[in-house]
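Student: Everything below, folded, please.
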Amino acid sequence: MTGRIFKYAFLLGATVLVLCAVLFFGVQYAQTKEETYAALRQEARYASRGVVISGAEYLSTLDDDINRVTWIAADGSVLYDSEFGTDISNQKQYEEVSAALADGEGHGIRKSVSGGTQTMYYAVRCSDGTVLRLSRPMAAVRKALVAVAPVLWIFILVLLISGILAFRTAKSLIKPINEIDLDEPDAQKIYPELAPLVDRIRDQKLTIREQMDELAGKQREFSALTDNMSEGFVLTDADGIVLSVNTEASRMLGIREAGTDLTAPEAADNGSEKPAGHNIAPVRDALAGALKGNATDTVISIGERSVQLIVNPVISRGKVTGAVVLLVDVTEREQRESLRREFSANVSHELKTPLTSISGFAELMMQGLVSGDKVREFSADIYRESGRLIALVEDIIKLSRLDAFDEQEADRQMMERVDLYSLCEDALDTLRPAADKRCVRMTLTGEPAFVCGVTQFVDEIVYNLCDNAVKYNKDGGSVDISVEKTPEGVLLTVADTGIGIPFEQQERVFERFYRVNKSHSRSVAGTGLGLSIVKHAVQACGAKVSLESQPGEGTTVRVLFREN
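Tutor: Numbers count the residues shown, from 1 in each chain. Now for the predicted structure:
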């Protein structure tokens, strides 16, 4: 601050001195020029009288080392010139000559054509009509200014003195400010003018303290937010030292607190309990890459969980200043992906089985290896396997449509008023022949009810539930279907007395191609997609499905629809 005050004070003094010097020399220059014009005018008037009397002879007697003398006729021709003789151009074109001829006197400053220097001219008209002109180079004016050049040294001396005074003044002004005790600003005597500054310092200290408290509060809030994240979160500095770690990351990585060097091999060996199979080497390697500016996004295994590891460098002004580690538990997603791959494999298998049978039967018939009485039997087998293949493809198409179905789009365009009881009656009529073959009794109870849904999807739900209840029932069993209105909506219940489902497998029966008893399922016609279609159709209609079952006693499936 001392330097700034000195600089501004010195610049102010120097500016004033420079302006004064410019003003002084400007005034001096103007005054010298006017004095020169006055001298030329006086001399020209005297000489004009002599030239009228004696002519050029008088002019030749003038011994003037300063002025150039030119005698000009009324037509502008030169009668006499003290430096260049008469062999020069017509002078009437110049302003001082034309002004003298017109007004009696004239003057001007211009570059001399003959001499090539900047020159002052003064012309006087003589009584005989001729013009006498005296001229003097501007160099003479400048020489007069050089005479006062020593004044510059006075200005320089004053400038140096002002610089010294400015420096001492700046130090004396700043000294009381530098001696202020920031912890106790009111304990010292200061300039009255500094009282507002001291007040602001005191207020600033209070503000800083409040901001520190606020930052501490935000830090606690940040910790609370990150600790309640379902994802693991770790923030490190440029050396890999943990600055912040939330509860989930501590659990996954075995890091108990901040300050741990996550790049060190012993990063997790800090006394915390580690889960089985705990290994943070992939995290450590990804962090090392991030601290070099390389981001990582991959899936790793921590214990028995699949975790998506996202590590990004924190870059400030082109330099890596730290890294952010995000750990997302994607076990369920990976399981779904596994189920998708399993579904693809099952589809391939289920499609291959009937196609293999059809191909085998057709090959035997093509080669003539089937006798006439067997052709009908083989044709029936081909027809049966073709029907199974068609049913499988149709069910896969239904599932694909349900997978791509947007419930919100349905709310706007496809949702309608569906007669659930009527669809149950249709399903009973369709399945009764198959039920009668196994002596399975089918009953429908309840009352007409309308639900909100898509007719095609609701029909798939009713038909597949009733179809499964008949297929997986015991001979002589029963299927009870009921439709009833409840405060929550319209409840569809399909209960059978079939083989039942073990408790540990009940969550998987809605998966595609999943069958509880595969040996029994092979003897039952079907694609293994019925309950999966039910699940997706229920979701598309905005309904809810639940299942209860006891092995050997039967299964009850309930679907709660929104009433319309």
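
Student: In contact with Glu221, which residues are there?
Tutor: Listed by C-beta atoms under 8 Å, 6 or more residues apart in numbering, the contact set of Glu221 is empty. Glycine gets a C-beta too; all of them are placed from N, C-alpha and C.

Student: Count the neighbours of Ile533 for me.
Tutor: The burial count assigned to Ile533 is 23, neighbours taken as other C-beta atoms under 10 Å.

Student: my guess is it contacts Val462, does it?
Tutor: No - in this structure, Ile533 sits apart from Val462 without contact. The criterion is C-beta atoms under 8 Å, and the distance is 11.5 Å.

Student: what helix or strand is Leu11 on?
Tutor: helix 2-54 (DSSP states H and E).

Student: Please identify the buried residues of the next helix-or-strand element following that helix?
Tutor: For helix 2-54, the succeeding helix or strand toward the C-terminus, using DSSP H and E, is helix 56-60. Going by neighbour count (16 or more other C-beta atoms under 10 Å), the buried part of helix 56-60 is Tyr58, Leu59.

Student: ok, the helix or strand following helix 56-60: who's next to it in the sheet?
Tutor: Once helix 56-60 ends, the next helix or strand along the chain (criterion: DSSP H and E) is strand 68-72. Using DSSP bridges, the neighbouring strands of strand 68-72 in the sheet come out as strand 78-81 (antiparallel), strand 131-137 (antiparallel).

Student: So which bits of the next helix or strand after the shortest one are buried?
Tutor: Using DSSP H and E, the helix or strand that follows strand 78-81 in sequence is helix 95-103. Within helix 95-103, the residues scored as buried using 16+ other C-beta under 10 Å are Glu96, Val97, Ser98, Ala99, Ala100, Leu101.

Student: cool, and stretch 427-436?
Tutor: For stretch 427-436, by 16+ other C-beta under 10 Å, it's Ala427, Leu428, Leu431, Ala435.

Student: The last one reaches Val479, doesn't it?
Tutor: Yes - taking contacts as C-beta under 8 Å, Ala435 lies within contact range of Val479: 7.0 Å.

Student: intersection of neighbour lists for those two?
Tutor: Overlap between the contact sets of Ala435 and Val479, as judged by C-beta under 8 Å, 6+ apart, is given by Arg441, Met442, Val470.

Student: now, which of those lie within strands?
Tutor: Where these overlap with strands, as defined by DSSP state E, the overlap consists of Arg441, Met442.

Student: Please spell out the PyMOL selection for the buried subset of the shared contacts of Ala435 and Val479.
Tutor: Filtering the shared contacts of Ala435 and Val479 down to the buried ones (16+ other C-beta under 10 Å) takes a single PyMOL command:
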select buried, resi 442+470
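
Student: With distance to Val490 as extra columns, can I get the shared contacts of Ala435 and Val479 in TSV?
Tutor: Conversion of those to TSV gives the following (distance: C-beta to C-beta, whole Å):
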residue	distance to Val490
Arg441	24
Met442	20
Val470	23
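
Student: Just name the closest of the shared contacts of Ala435 and Val479 to Gly240, please.
Tutor: Looking at the shared contacts of Ala435 and Val479 and their distance to Gly240, the nearest is Val470, at 64.7 Å (C-beta to C-beta).

Student: With adjacent residues omitted, what lies nearest to Asp496?
Tutor: What sits nearest to Asp496 in space, not counting adjacent residues and going by C-beta to C-beta, 6 or more residues apart in numbering, is Ala469, at 3.9 Å.

Student: contacting residues around the one you found?
Tutor: Neighbour list for Ala469: Val479, Val494, Ala495, Asp496, Gly498, Thr555 [criterion: C-beta under 8 Å, 6+ apart].

Student: From those residues, pick the one nearest Glu416.
Tutor: Distances from Glu416 to the contacts of Ala469, taken as C-beta to C-beta, are shortest for Val494 (22.5 Å).

Student: Where does that closest one fall, secondary structure wise?
Tutor: strand 489-496.

Student: Could you do Asp297 as well?
Tutor: strand 296-302.

Student: Quick one: name whatever helix or strand follows that strand.
Tutor: Next along from strand 296-302, by DSSP H and E: strand 305-316.

Student: Pull the residues that contact that next one.
Tutor: Residues outside strand 305-316 that contact it (C-beta under 8 Å, 6+ apart) are 232, 252, 282-283, 286-287, 289-301, 320-331, 333-334.

Student: May I see the ChimeraX selection of the buried members of these?
Tutor: Provided next is the ChimeraX selection string for whichever of the contacts of strand 305-316 are buried by 16+ other C-beta under 10 Å:
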select :232,252,282,283,286,287,290,291,296,300,320,322,323,324,325,326,327,328,329,330,334
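
Student: What ranges does the stretch 201-350 of the chain have for its helices?
Tutor: All helices of the stretch 201-350 of the chain, identified by DSSP state H, counting those that start in this stretch, fall at 247-253, 281-290, 331-366.

Student: Can you spell out which helices and strands pack onto the second one?
Tutor: Looking back up the chat, that one is helix 281-290. strand 296-302, strand 305-316, strand 319-329 (3 or more C-beta pairs under 8 Å, 6 or more residues apart in numbering; DSSP states H and E).

Student: Any chance of those in CSV with mean pLDDT as columns?
Tutor: Conversion of the helices and strands packed on helix 281-290 to CSV gives the following (pLDDT from 0 to 100):
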stretch, mean pLDDT
strand 296-302, 86
strand 305-316, 88
strand 319-329, 89
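
Student: Please tabulate those in CSV, including the columns distance to Ala238.
Tutor: Formatted as CSV, the entries for the helices and strands packed on helix 281-290 read as follows, by distance: least, C-beta to C-beta, whole Å:
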stretch, distance to Ala238
strand 296-302, 17
strand 305-316, 9
strand 319-329, 5
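
Student: what comes up buried for stretch 206-226?
Tutor: Under 16+ other C-beta under 10 Å, the buried positions of stretch 206-226 are Thr226.

Student: With stretch 132-139 instead?
Tutor: The neighbour-count criterion (16+ other C-beta under 10 Å) identifies Leu132, Arg133, Leu134, Ser135, Arg136, Pro137 as the buried residues of stretch 132-139.

Student: show me the contacts for the fifth one.
Tutor: Neighbouring residues of Arg136 by C-beta under 8 Å, 6+ apart: Thr36, Leu40, Ile66, Asn67, Arg68, Thr119, Met120.

Student: Does the fifth one touch Leu132 like I think?
Tutor: What that stands for is Arg68. No - with contact defined as C-beta under 8 Å, Arg68 does not reach Leu132; the gap is 11.7 Å.

Student: can you give me the helices in the stretch 451-564 of the chain?
Tutor: Counting by DSSP H, counting those that start in this stretch, the stretch 451-564 of the chain forms helices over residues 455-471, 518-522, 530-540, given from the N-terminal end onward.

Student: closest one to Gly50 among the ones you listed?
Tutor: Smallest distance to Gly50 across those (C-beta to C-beta): 127.8 Å, for helix 530-540.

Student: Now the closest one: buried residues?
Tutor: Taking 16+ other C-beta under 10 Å as the neighbour-count basis, helix 530-540 is seen to contain the buried residues Gly530, Leu531, Ser532, Ile533, Val534, Lys535, His536, Ala537, Val538, Ala540.
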